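Visitor: Attaching a predicted model along with its sequence, questions to come.
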Amino acid sequence: MHNRSRILKRTVQYVVIFAAIAFALFPVVWIISASINPGGTLYGQRLIPKNPTLDHYKVLFTDKRYPFVLWLWNSIKVSVTASLITVFLCALASYAFSRFHFRGRRTGLLTLLLIQMFPVMLAFVALYLLLLWIGKYLPFMGLNTHPGLILVYLGGALGFNTWLMKGYFDTIPHELEEAALIDGATRFQTFMKIIIPLARPILTVIFILTFIGDYSEYLLASIILTGTKKYTLAVGLNLFITSDYARHWGTFAAAAIIGSLPVLFLFFSLQKQIISGLTGGGVKG
Amino acid sequence: MIKNWLKIIILGVLDALGIWAAIGLLQAGGWGVLAVLIFGLIGLNVALLSKKAYPLRYLLPGLVLFGLMVVYPIIYNINIAFMNYGTGNILSKTQVISQFMNKYYQPEGSERFLFQIFRNKKGDLKVLFISKVSNEAYLSVGDHIESVDLHNPSLIYKNGEIIRIDDYEKMSMIQIIQNLSKIQNLAFKYNDGLVKFRSVSEFRVYKPQYSYNGEHNTLIDLKTNKVYKPINGTFTSSDGEQLSPGFRDYVGFKNFIDILRNPQVSGPFIRVFSWTFIWALLSVFTTFTLGLTLAILLNDSTLRLRYLYRTLLILPYVVPGFISILIWRGLLNTNFGVINDVLQNLFSVKVPWFQDPFWAKVALLIVNLWLGFPYMMLISLGALQSIPSELYEAARIDGAGSWQRFYSITFPLLMITLAPLLIGSFAFNFNNFTVIYLLTGGQPPIPGSQTPAGATDILISYTYKLAFGGAGSQYGYAAAISIIIFLIIGTISAFNFRFTKRLEEMGENL
């Protein structure tokens, strides 16, 4: 009796797990199949295609009608630049908050905490009008420019990440810096040569999380970038799919797979740190 | 020493640049940005010149950026929420008044002129006028006309007709007709009016149609003598006639009141508002239920290959959201998608996924379940592993069954860790623009709605459509709704902070 209920339990366990795996994998498997399916339309696709082909991938990189490679490059360029600057600025600010005692430090940290509760994305109307206005005087940073979009992403990322990084800096013992200072190093040298190398894990995690967030961001990119050539992948792919969906399913499938690779690669290279950081409260965008 | 000099030189250059930019901003009236700039500039000088302000050197870049891209937009956004900013009210009051001041009309019986047009090699035009009223001759000079003596030596006659003025040759009627569009745009100041082209035989005097009285803040139509007063950013006469365009102006709480009271705006708003809550609640509920179930099943050390299963189940979390949402849009396509294909083969039904409001909501929840359950599974696994196993053993000794153990040990302990994350997930889904916008675009439309609201729109996507949708740009309403969203999210976050006592923990870290 006891044994039978155990078998039943195991069966239920496997059924649920495999059903969930099927649910999780189904769209992924289906899109991989679509990307090598010679037909290329949405209709009549088989799970295992006859005469698989890499033509859809070739089209992406050769056909001038789809500026897919440009969009991918735009996305990578914007996300990498924004994340690098975020990490650098946050490291500078966190260092000051963690190591110096100055007037207004407490207030500064609390204000930062309170203001960053306002998702700056909500102020998108103001951000749009601000960039419109900046563009009148500094055309390279206005609407429809990548520096403009990077500027907007930077604003959104500073508050929370400074807090995160400051917490990590606090755990690095002060003795090393004190020794270096006695040996005649300047403050900035101790920051660059001691803190930055020791804080590499948190710097990497923040870089990657910011990268993934900016890479997948749609709302702000779609209002700030108005020219096809400036689009990020998120904006470009949506346009691509809206304009002529069913006929270009194969091309879209290939683009979807290649577009996922940067994030997949980064995630699995740092799976452990990211997953352990999840309980800290970050939700992927 | 050299380093110090270099520092001062660089600072000087930056200061000069900053002051130059500040003067530009002052003239352009960009007060907010100007404030950030001045603040940054003073900060820069203090940071580099004062020993005491050393920490500022590290903080300044971030602070300036934070001020410009976070604090300023938030304040600006609040500002816009109290304005009528949007299509029809885009320009400033000064711009609108100057637009009206440039409108002219032709009063009855206004002075008429015969004319001859002369052109030089460069294509510049000169017009000679003879008033039909006074027979007085005038010549255009720059943007106005001056009275001229017909015996002036610069006028060259031939057979009693003027054929040239200086190097300007007289244009024939054919030439005039060929250049009509250019000539129609000619306008010369004359007394308090303009002399403008009327027909090939005459120019006439046009008078400005409006006069603005700065003292009374009124616009007067000189043609009809009607007086227009600005009401909510539109010049309006006492009998309710409105002049277009309006200008952007503060309208107090009008946007908020409209959102709640004006049926054209409030009807869709209330539907969108309630769906946003239902959406966020159901999203958290479905993803957490599946995630927790899987976590409990996987948290079993006797299960073989459980790490492989976990990795496979994480996959949806790792594919960038915008890509997987677009993939789902194809799979759920009503006519060609594989899901309807299968359903049709098995049960001969064709589900109108994106055409019917109910099924569109179901589609959204399914896709969001797919996107969200791995996160819930990961955090539940983490929390499960932190529950000490002694508790279970003690319970087993006391004779508790497995359901009872879950109910009285696992679940309460889990909730302590997970509740704040679930609230965070609620707030996240409350603003989950990407899923809604990329999967259904808020469609299908709500029948009879005056604003571009759809049945599956949540507040943030509705806001987006109000500001950047096809039907005009309602920046004022959009900003007002974004403030309402913030108040809700802010309340939830504040509650969350109290709940977790995180603020106190962070307070200790200060």
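Guide: Yep, that arrived.

Visitor: Leaving aside the residues adjacent along the chain, what's closest to the residue nearest to the spatial centre of chain A?
Guide: Taking CA atoms, centre = their mean, the centroid of chain A lies closest to A:Ile212, which sits 1.2 Å from it. Using CB to CB, 6 or more residues apart in numbering or on different chains and skipping residues adjacent in sequence, the residue nearest A:Ile212 is A:Val263, 5.4 Å away. Heads up, the C-betas are built off the backbone N, CA and C, glycines and all.

Visitor: which SSE is the one you found in?
Guide: A:Val263 belongs to helix A:249-269 when assigned by DSSP states H and E.

Visitor: Same question for B:Ile278.
Guide: Going by DSSP H and E, B:Ile278 is in helix B:263-298.

Visitor: Any stretches of the chain with poor pLDDT?
Guide: As the question left the chain open, I've gone with chain A. Along chain A, the model assigns pLDDT under 70 to residues A:1-2, A:42-45, A:243-246, A:274-285.

Visitor: meant chain B, my bad for not saying
Guide: Scanning chain B for pLDDT under 70 picks out the ranges B:1, B:29, B:499-510.

Visitor: Closest residue of it to chain A?
Guide: B:Met69 (2.6 Å; CB to the nearest CB).

Visitor: Show the secondary-structure elements that the helix holding A:Val263 is packed against.
Guide: In terms of contacts (3 or more CB pairs under 8 Å, 6 or more residues apart in numbering or on different chains; DSSP states H and E), helix A:249-269 is packed against helix A:2-35, helix A:55-62, helix A:68-99, helix A:200-216, helix A:233-243, helix B:306-318, helix B:321-331.

Visitor: Can you say which of the ones you listed is nearest to B:Ala478?
Guide: The closest of these to B:Ala478 is helix A:233-243. By CB to CB, the value is 19.5 Å.

Visitor: tell me the angle that closest one makes with helix A:249-269.
Guide: Note on geometry: by axes from the mean of the first three to the mean of the last three CA atoms, to 10 degrees, helix A:233-243 and helix A:249-269 are set 160 degrees apart in direction.

Visitor: Send over stretch A:187-198 as PDB, restricted to the C-alpha atoms.
Guide: Output of stretch A:187-198 as PDB, limited to C-alpha atoms (Å, rounded to 0.1, in the frame of the first residue of the first chain):
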ATOM      1  CA  ARG A 187      42.700  58.000  -2.700                       C
ATOM      2  CA  PHE A 188      41.900  57.600  -6.400                       C
ATOM      3  CA  GLN A 189      44.700  55.100  -6.800                       C
ATOM      4  CA  THR A 190      43.400  52.900  -4.000                       C
ATOM      5  CA  PHE A 191      39.900  53.100  -5.600                       C
ATOM      6  CA  MET A 192      41.200  52.000  -9.000                       C
ATOM      7  CA  LYS A 193      43.800  49.500  -7.900                       C
ATOM      8  CA  ILE A 194      42.300  48.000  -4.800                       C
ATOM      9  CA  ILE A 195      38.500  48.400  -4.700                       C
ATOM     10  CA  ILE A 196      37.700  47.900  -8.400                       C
ATOM     11  CA  PRO A 197      39.600  44.600  -8.700                       C
ATOM     12  CA  LEU A 198      38.200  43.300  -5.400                       C
END
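
Visitor: so B:Lys126, which of the three states?
Guide: strand (DSSP: H, G, I helix; E, B strand; the rest coil).

Visitor: Touching, it and B:Phe118? I think so.
Guide: Yes. Contact criterion CB atoms under 8 Å: B:Lys126 and B:Phe118 qualify, at 4.5 Å.

Visitor: Identify the contacts common to the two.
Guide: Counting by CB atoms under 8 Å, 6 or more residues apart in numbering or on different chains, the common neighbours of B:Lys126 and B:Phe118 are B:Ile165, B:Tyr168.

Visitor: of the two, who's got more company?
Guide: Using other CB atoms under 10 Å in any protein chain shown as the criterion, B:Lys126 and B:Phe118 rank with B:Phe118 on top: 22 against 18.

Visitor: Wait, a strand at the more buried one?
Guide: Yes. Per three-state DSSP, B:Phe118 lies within a strand segment.

Visitor: Tell me the bridge partners for it.
Guide: Bridge pairing for B:Phe118 (DSSP bridges) gives the partners B:Lys126, B:Lys170.

Visitor: same deal with B:Gln242?
Guide: B:Thr236.

Visitor: Count the neighbours of it for me.
Guide: Neighbours around B:Gln242, by other CB under 10 Å: 13.

Visitor: who are the neighbours in contact with it?
Guide: B:Thr234, B:Phe235, B:Thr236.

Visitor: Throw those into CSV and include neighbour count, thanks.
Guide: Shown next, in CSV, are the contacts of B:Gln242 (neighbours: other CB atoms under 10 Å in any protein chain shown):
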residue, neighbour count
B:Thr234, 19
B:Phe235, 26
B:Thr236, 17
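
Visitor: Among those, which one sits closest to B:Arg304?
Guide: Closest to B:Arg304, out of all of the contacts of B:Gln242 and judged by CB to CB, is B:Thr234, at 73.3 Å.

Visitor: Phi first, then psi, for the closest one.
Guide: The phi and psi torsions at B:Thr234 (degrees, to the nearest 10) take the values phi -130, psi 130.

Visitor: I figured it hits B:Arg248, correct?
Guide: No. Shown here, B:Thr234 and B:Arg248 do not form a contact pair, counting by CB under 8 Å, at 10.7 Å.

Visitor: Relative to its centre, which residue of chain B is most distant?
Guide: In chain B, B:Asn159 marks the outermost C-alpha relative to the chain mean, sitting 67.0 Å out by CA atoms, centre = their mean.

Visitor: Now it. Its backbone dihedrals?
Guide: Dihedral angles (degrees, to the nearest 10) for B:Asn159: phi 50, psi 40.

Visitor: same thing with the one 5 residues further on?
Guide: Here the main-chain torsion angles of B:Arg164 (degrees, to the nearest 10) amount to phi -150, psi 150.

Visitor: With B:Phe129 instead?
Guide: The phi/psi pair for B:Phe129 (degrees, to the nearest 10) reads phi -110, psi 140.

Visitor: Next, the contact list for it, please.
Guide: B:Phe113, B:Leu114, B:Phe115, B:Ala137, B:Tyr138, B:Leu139, B:Ser140, B:Ile145, B:Val195, B:Phe203.

Visitor: how close does the first one get to B:Arg204?
Guide: Look at B:Phe113 and B:Arg204: by CB to CB, to the nearest Å, they are 7 Å apart.

Visitor: In terms of neighbours, single out the busier of these two.
Guide: Taking other CB under 10 Å, B:Phe113 and B:Arg204 do not tie; B:Phe113 has more neighbours (23 against 19).
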